[in-house]
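Enquirer: The following comprises the amino acid sequence and a computationally predicted model.
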Amino acid sequence: QVQLVESGGGLVQPGGALRLSCAPSGRIFGINTMAWYRQAPGKQRELVAAITGAGTTNYADSAKGRFTISRDNAKNTVILQMNSLKPEDTAVYYCNANVLPYGGSRYTDYWGQGTQVTVSS
């Protein structure tokens, strides 16, 4: 059974930084795109940033210039470095990965449990 395990959320002041990380537990055969989404109260879940297996990245306009997504393919880990945080970045952040489980026959999307990021003074 594959699960995505997230870490790194918390409370930070405006202008501060946080680093989120996510990796799958369980045995896997491969991972395609990995991404971070977020959902603020009363709003729909939205893409923050994504990175393909080849390293191509895609960012929401709100994240460009402040957030950096990266991955360590040897450790199957995706990192979201968030700098210059603003109160409007406050949300639950979810990791998403397109994974081929060991013994599986197709790639499937998995989601983490979510980690709270609060930007407030």
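Expert: Happy to help now that I have it. Residues are numbered from 1 along each chain as shown.
Enquirer: My guess is residue 39 contacts residue 91. True?
Expert: Yes. Checked against Cβ atoms under 8 Å, the pair residue 39 and residue 91 is within contact range at 5.7 Å. Where you see a C-beta, it was placed from the backbone N, CA and C, and this is true even at glycine.
Enquirer: which one of those two has more residues nearby?
Expert: residue 91 (22 against 14; other Cβ atoms under 10 Å).
Enquirer: quick one: the residue nearest the centre of the chain from residue 9, how far?
Expert: When Cα atoms, centre = their mean is applied to the chain, the residue found nearest the centroid is residue 36 (2.8 Å). For residue 36, the distance to residue 9 equals 11 Å [Cβ to Cβ, to the nearest Å].
Enquirer: what residues do those two have in common as contacts?
Expert: Here residue 36 and residue 9 share the contacting residues 20, 93, scored by Cβ atoms under 8 Å, 6 or more residues apart in numbering.
Enquirer: Strands of the chain, start to end?
Expert: For the chain, the strands defined by DSSP state E occupy 3-7, 10-12, 18-25, 28-39, 46-51, 57-59, 67-72, 77-82, 91-101, 108-111, 115-119.
Enquirer: mind putting those strands in TSV, mean pLDDT included?
Expert: Listed next are these as TSV, based on pLDDT from 0 to 100:
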stretch	mean pLDDT
strand 3-7	95
strand 10-12	98
strand 18-25	96
strand 28-39	96
strand 46-51	98
strand 57-59	98
strand 67-72	97
strand 77-82	98
strand 91-101	97
strand 108-111	96
strand 115-119	98
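Enquirer: one step back: kindly confirm whether my reading is correct that the residue nearest to the centre of the chain touches residue 92.
Expert: No. With contacts counted by Cβ under 8 Å, residue 36 stays clear of residue 92, the gap being 11.0 Å.
Enquirer: Residue 93: what's it in contact with?
Expert: Listed by Cβ under 8 Å, 6+ apart, the contact set of residue 93 reads 6, 9, 20, 36, 37, 38, 48, 80, 114, 115, 116, 117.
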